[in-house]
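[1] Mind folding the following:
(chains A and B)
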Amino acid sequence: MREFWDSTIGKKVFVAVGGTILVAYLILHMAGNLWSLAGPGTVEPHIDEYASWLRNFGEPLVPYEGTLWVVRAILLAALVVHLVGVIQLRARNRKARPPEYPARRIGRSWESRLMMVSGVVILVFLVVHILQFSTLTIDVTPLVEGAIYANLYWAFQEWYVVLFYLAAVFLVGTHLRHAIWSVFQTLGVDSPERNGQIKAGASLLTVVIVAGFAAVPILFFTGALGVPIDNEPTAAVLAGGGGR
Amino acid sequence: MRFNLEIWRQFDRESNGHFESFTVDGIDPESSFLEMLDQLNAQLGREKQRMVAFDSDCREGICGTCSLVIDGYPQGPRQVTACQIYMREFTDGATIKVEPYRNSAFPVMRDLITDRSALDRVIQAGGYISTKTGPQPDPNSMPVSPETQKEAFDAAICIGCGACVAACPNGSAMLFTGAKVKHLNLLPQGQPERTTRVIGMVEQMDAEGFGGCTNYGECSRVCPQEISLDVIGMLNREYRKARKDEQPAHRAKMTAQ
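    Numbering: from 1, shown residues only, chains lettered A, B, ... in the order given. Predicted structure coming up:
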């Protein structure tokens, strides 16, 4: 295993597997987010129900939030492996090709050129995102624990929050389009016959993930999703005619 | 035809290089790029200046020795070897930039000549088959299907010119190594060393200081032999399997509980 990790190919396999775990999580996260599109509901917003379901998952077999923390631990491990692998590979690549003589661009895609930039920006976004909606530390808009729908609603009334999230999701998309195809190549499970389908599939999955994530801030901002009930007396005033 | 040339000059491995400008005139449009450089050298010789050192051997597109980077394109912009580039493909009066390969594993020896023996050492680490001497074997003792033969040959046509490494923003030699591994690992003659070959070649490739693949695909786009990117996929697959199937030197003795 040690020799495998030390070789360029082995390290790339670790990076690819770590990345695949992160992409799998992104799909689940995106699908879960779509509960917010069910609107404020009559008693409790669906997204809030979904959030408490995630926390109760497996009870009483596993403790409260147990499953959630297991998933978080796996994601953190995948992220660390992905980052350490990429940092070491990048250091090796820069040594192999001194940066003072950059290679001419001969048809490489702009997504692939952006991988390092998009990766770093996504990492920064990830920290901000967790500080905002998980730990509720960045409370530029009112945030209440457990009130997912209301938190989203008030956050996405601010244009700069919407813009920040849309920009981040777009960069996630550029990262994924190159990354998903690359996983197949790095694991060696592609072939010239399947390549067209893999390329199209990678683009399609990227579009689905980006559209799913982008829909939430856009629909909240445009007022397509109603004001949360039982929250903030100024709600009706701020939301204008957006409520249902 | 008349050309302005920006050529990399570097006296030896240790010295620092720089670009030097030259003007060549009276170039026949039908002359090859290397013949144009020959004319430049003849001119420099008459002027008692040091000639431009560049590599060439067959000059018919077979060997890949002419390892020039022309206007940023390894082996020139036509996806052929540099010797197969003709001056009619450039506009009269154009400025052409000529550089050596730029990656750490191929140190510049002089001007445009690089030391590409790193690729030879990758071959030595596994790019061979074991064979017996003696009488000629029966031709049908090792059947190879036409499909396998064609696929192996598509990889075997790699001439080892190193354009893939020069084109790669990471200085990776995976297209080269992949082509060699695919060629031998597909054929029955290559089966005895199937695992040791890929492990040895990848280890040597890493030891030579080549970078890793980030799937840009530029190598395949410049390759004069049009090696397909799937050789890298196969290299990844073979390496992963080889590491999995690798047997320990001696398996431990098993005892009952």
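
[2] Specify the local secondary structure of A:Tyr64.
    coil (DSSP: H, G, I helix; E, B strand; the rest coil).

[3] Was I right to think it contacts A:Arg55?
    Yes - contact criterion CB atoms under 8 Å: A:Tyr64 and A:Arg55 qualify, at 6.3 Å. To be clear about C-beta, it is placed using only N, CA and C from the backbone, and glycine gets the same treatment.

[4] Which other helices and strands does the host helix or strand of B:Cys219 contact?
    For B:Cys219, the host element (DSSP states H and E) is helix B:218-222. Packed against helix B:218-222 by the contact rule (3 or more CB pairs under 8 Å, 6 or more residues apart in numbering or on different chains; DSSP states H and E) you find helix B:163-167, helix B:174-186.

[5] ok now the next helix-or-strand element following the last one, how far from the chain's centre?
    Once helix B:174-186 ends, the next helix or strand along the chain (criterion: DSSP H and E) is helix B:194-207. Using CA atoms, centre = their mean, to the nearest Å, the mean C-alpha position of helix B:194-207 is found 17 Å from that of the whole chain.

[6] next one: stretch A:197-216
    The answer for stretch A:197-216 is 12 Å, by CA atoms, centre = their mean.

[7] any bit of it sitting next to chain B?
    No - Stretch A:197-216 is not in contact with chain B by CB under 8 Å from any CB of the partner chain; minimum separation 10.3 Å.

[8] how close does A:Trp154 sit to A:His129?
    Going from A:Trp154 to A:His129 by CB to CB, to the nearest Å gives 16 Å.

[9] now swap in B:Gly233 and tell me
    To A:His129, B:Gly233 is 34 Å away according to CB to CB.

[10] which of those two has more neighbours?
    B:Gly233 (24 against 15; other CB atoms under 10 Å in any protein chain shown).

[11] Reduced to three states, what does that one come out as?
    helix.

[12] Contacts for the helix holding B:Cys219 next, please.
    For helix B:218-222, contacts defined as CB atoms under 8 Å, 6 or more residues apart in numbering or on different chains pick out A:103, A:105-108, B:73-75, B:79, B:163-169, B:172, B:174-175, B:226-229.

[13] Tell me which helix or strand the residue of the stretch 101-250 of chain B found nearest chain A sits in.
    Going by CB to the nearest CB, chain A is nearest to B:Arg237 of the stretch 101-250 of chain B, at 2.8 Å. Element membership of B:Arg237 [criterion: DSSP H and E] is helix B:230-245.

[14] for B:Asp92, same thing?
    Applying DSSP H and E, one finds B:Asp92 in no helix or strand.

[15] list the contacts for it?
    B:Met1, B:Arg2.

[16] how close does it get to B:Asn4?
    For B:Asp92 relative to B:Asn4 (CB to CB), the value is 11 Å.

[17] these two touch, right, B:Leu186 and B:Phe153?
    No - counting by CB under 8 Å, B:Leu186 does not reach B:Phe153; the two are 9.5 Å apart.

[18] And these two? Which one has more around it.
    B:Leu186 (22 against 12).

[19] give the contact list for the residue lying closest to the more buried one once chain neighbours are set aside.
    Spatial nearest neighbour of B:Leu186, excluding adjacent residues (CB to CB, 6 or more residues apart in numbering or on different chains): B:Ala152 at 4.3 Å. Going by CB under 8 Å, 6+ apart, B:Ala152 touches B:Val144, B:Lys182, B:His183, B:Leu184, B:Leu186, B:Leu187.

[20] what's the helix or strand for B:Ala152?
    With DSSP H and E as criterion, B:Ala152 is part of helix B:146-156.

[21] Buried ones in that helix, by neighbour count?
    Buried residues in helix B:146-156, defined by neighbour count with 16 or more other CB atoms under 10 Å in any protein chain shown: B:Glu151, B:Ala152, B:Asp154, B:Ala155, B:Ala156.

[22] quick one: which of the residues you listed is nearest A:Val86?
    B:Ala155 (28.9 Å; CB to CB).

[23] which element is the residue most central in space within chain A on?
    Among the residues of chain A, A:Leu26 comes closest to the average C-alpha position under CA atoms, centre = their mean, at 5.0 Å. Assigning secondary structure by DSSP H and E places A:Leu26 in helix A:8-33.

[24] tell me the angle of that helix relative to helix B:194-207?
    90 degrees (axes from the mean of the first three to the mean of the last three CA atoms, to 10 degrees).

[25] Which strands or helices does helix A:8-33 pack on?
    Against helix A:8-33 (3+ CB pairs under 8 Å, 6+ apart) you get helix A:2-6, helix A:46-56, helix A:66-96, helix A:159-186, helix A:195-221, helix B:194-207, helix B:230-245.

[26] let's go with 6 Å and repeat that
    helix A:66-96, helix A:159-186, helix A:195-221 (3 or more CB pairs under 6 Å, 6 or more residues apart in numbering or on different chains; DSSP states H and E).

[27] For that helix, what is the distance to the chain centroid?
    11 Å.

[28] and the angle for it with helix A:195-221?
    Going by the same axes, to 10 degrees, helix A:8-33 makes 40 degrees with helix A:195-221.
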